[in-house]
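K.L.:
I'd like to go over a predicted model; first the sequence, then the structure.
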Amino acid sequence: MQKIINLTTFEHENLYDITDKIADVVREADIKNGLLNIYARGSTVGIIIQEKSDGSVKQDMLHLLRKLIPQGVWEHDKNDNNGDAHLKSGLVGPSQTIPIIDGRLGLSQWQNIFFCEFDGPRMNREIVLTIIKI
Ligand code: ZN
């Protein structure tokens, strides 16, 4: 099974918790055990699994990436001024694979799935969900 979900982003950079949207798709798939792949389409986005809690880890992730990869110093900035967004995307990566166990996402209590926007806001970001039954 494969499904594309769409997301609007409202900030230049942010991490969006998409766990509930994805859990809905896994429920719809109605399989007991398998694998879910989450793939973000775009060269300035990413998918990460991280703690949700009070939002501090999310802010720390953004802070770390901004410290590691500053804006405005990259060769690609001469092209369309978003060199940092491409590098952040490359570091985070476009996808994650999560086991489906007994019909549910096999995340721990504190793990959530985040879509990472590094060059927003954007009207229509696409996330491809592929579910394989075992
Ligand atoms: Zn670019």
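P.N.:
Okay, I see it.
K.L.:
Could you tell me how far the residue sitting furthest away from the middle of the chain is located from E11?
P.N.:
Each residue of the chain has a distance to the centre, and by C-alpha atoms, centre = their mean the biggest one is for K78: 26.9 Å. Distance from K78 to E11, counting by C-beta to C-beta, to the nearest Å: 25 Å. Glycine gets a C-beta too; all of them are placed from N, C-alpha and C.
K.L.:
Quickly find the element holding the residue farthest from the centre of the chain.
P.N.:
Per DSSP states H and E: K78 is located in helix 77-80.
K.L.:
got the CA coordinates for that helix in CSV?
P.N.:
Taking Å, rounded to 0.1, in the frame of the first residue of the first chain, the C-alpha atoms of helix 77-80 are listed here in CSV:
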residue,chain,number,x,y,z
ASP,A,77,23.6,30.6,-2.3
LYS,A,78,24.6,32.3,-5.5
ASN,A,79,22.0,30.2,-7.2
ASP,A,80,18.8,30.5,-5.1
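K.L.:
buried ones in the helix or strand hosting A85?
P.N.:
Secondary structure from DSSP H and E places A85 in helix 83-92. Within helix 83-92, the residues scored as buried using 16 or more other C-beta atoms under 10 Å are G83, D84, A85, H86, L87, K88, S89, V92.
K.L.:
So in that sheet, which strands flank the one helix or strand Y39 maps to, and in what orientation?
P.N.:
According to DSSP H and E, Y39 maps onto strand 34-41. Paired neighbours of strand 34-41 in the sheet (DSSP bridges): strand 95-101 (antiparallel), strand 125-133 (antiparallel).
K.L.:
Report the buried residues of the longest helix along the chain.
P.N.:
Looking across the chain with DSSP state H, the single longest helix is helix 56-68. Going by neighbour count (16+ other C-beta under 10 Å), the buried part of helix 56-68 is V57, K58, M61, L62, L65.
K.L.:
now stretch 44-59
P.N.:
Buried residues in stretch 44-59, defined by neighbour count with 16+ other C-beta under 10 Å: T44, V45, G46, I47, I48, Q50, E51, V57, K58.
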